[in-house]
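[1] What follows is a protein structure lacking sequence information:
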């Protein structure tokens with residue numbers, strides 16, 4: 001039976017690929033020969049539709065639903081694969097990555113990189129526990145406060161105690177070499193730090209560097225405490241950046257002036273004078289369920305494309 005299931009899954013992976021809205025089409029896309037990133041989700045922590053949104057039509061149309069933001073990193077040469085973020089949608093995202101990259105005997109990722117202690121970014125670790133997979137020694141990469149948070153607070157501390165996860169404490173700006181061709185460098189970005197600091201990452205392959213900042217309070221705040229958006233864009237080939245809200249007024253009846261995220265419209269305005277090459281590096285990710293740019297057919301998505309930027313789409317692959 002296991003062999004039959006594996007054969008069916010491999011057939012599925014060769015015949016389908018995720019389409020921009022998260023559904024599947026019949027046109028296969030060959031995997032790159034070298035290392036690559038795969039978009040496993042583009043939603044904000046709660047996904048879309050969000051809990052309590054009972055009138056949201058996406059409950060009835062799964063093709064319009066979206067998983068929380070996550071990336072898969074694949075090295076075809078070694079067969080290894082890693083994930084960025086352990087979201088509440090971990091089960092589906094790990095399945096999608098394994099089907100795309102090719103099934104193997106190992107049932108868990110070779111490692112998981114976490115950005116911070118908000119629910120959409122780490123709570124999927126629960127599926128590694130003995131109530132679920134019962135994993136052993138999965139490498140979890142986190143900055144010091146994030147690692148301490150997991151070690152000192154249940155139920156996450158049980159994952160450490162039982163050896164389900166093996167914490168690797170990161171040092172900001174110090175690269176982690178995963179293979180001879182791939183390294184990952186964490187850095188600090190300003191974002192709500194109720195329980196831990198917030199990391200961004202640069203994922204570097206043999207020919208390209210991809211930046212990942214799913215959450216940040218503001219670009220202005222980063223100007224004062226870190227590298228800053230423009231310098232960051234100069235240092236990478238692709239930048240997957242915070243796009244939680246499209247514009248002020250998106251949440252009716254709520255004052256959004258103090259929300260700790262840069263609006264897409266603000267990011268585009270800030271980079272209005274940048275070169276087309278620079279703009280083309282910007283790929284928006286981590287969209288709230290209210291964000292109209294979740295739909296690739298919306299006027300807002302078209303406005304983003306017209307301005308020279310774009311939105312990440314589920315299943316999209318970026319070669320490294």
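    Alright, I've got the coordinates. Not measured: the values here are computed from a predicted model.
[2] in terms of contact, does residue 276 touch residue 309 like I think?
    No - counting by C-beta atoms under 8 Å, residue 276 sits too far from residue 309 to count as a contact (10.3 Å). Where you see a C-beta, it was placed from the backbone N, CA and C, and this is true even at glycine.
[3] In terms of neighbours, single out the busier of the two.
    Using other C-beta atoms under 10 Å as the criterion, residue 276 and residue 309 rank with residue 309 on top: 21 against 7.
[4] give me every residue that touches the more buried one.
    267, 268, 271, 279, 280, 282, 283, 284 (C-beta atoms under 8 Å, 6 or more residues apart in numbering).
[5] ditto for residue 155
    Counted by C-beta under 8 Å, 6+ apart, residue 155 has contacts 126, 129.
[6] if I look at it, how far off is residue 129?
    Distance, residue 155 to residue 129, by C-beta to C-beta, to the nearest Å: 7 Å.
[7] for the chain, which spans come out with low pLDDT?
    When residues are selected by pLDDT under 70, those of the chain lie in 1-30, 191, 249, 251, 253, 255-259.
[8] got the residue ranges for the helices in the protein?
    With DSSP state H as the criterion, the chain has helices at 2-15, 90-101, 119-122, 144-152, 156-161, 219-225, 229-235, 264-270, 276-279, 299-306.
[9] Same question for the third one: list its buried residues.
    The one in question is helix 119-122. Within helix 119-122, the residues scored as buried using 16 or more other C-beta atoms under 10 Å are 120, 121, 122.
[10] again with stretch 209-220
    Applying 16+ other C-beta under 10 Å to stretch 209-220 flags 209, 210, 211, 212, 213, 214, 215, 216, 217, 218, 219 as buried.
[11] hmm, which of the contacts of residue 309 are the buried ones?
    Neighbour-count burial (16+ other C-beta under 10 Å) applied to the contacts of residue 309 gives 267, 268, 271, 279, 282, 283, 284.
[12] which one of these sits closest to residue 163?
    Within the buried ones among the contacts of residue 309, proximity to residue 163 (C-beta to C-beta) peaks at residue 283, which comes in at 36.7 Å.
[13] Surely that closest one and residue 237 touch.
    No - between residue 283 and residue 237 there is no contact under C-beta under 8 Å: 10.7 Å.
[14] Could I get the contacting residues of the nearest residue to residue 65 once chain neighbours are set aside?
    With C-beta to C-beta, 6 or more residues apart in numbering as the criterion, residue 65 has its nearest non-adjacent residue at 4.9 Å, and that residue is residue 58. Taking C-beta under 8 Å, 6+ apart, we find residue 58 in contact with 48, 49, 64, 65.
[15] and what of residue 116?
    122, 146, 191, 193, 196, 197, 198, 199, 215.
[16] These in strands, which ones?
    The strands, defined by DSSP state E, take in residue 199 from those.
[17] Can you tell me which of the contacts of residue 116 comes closest to residue 113?
    Residue 113 has its nearest neighbour among the contacts of residue 116 in residue 199, at 7.9 Å by C-beta to C-beta.
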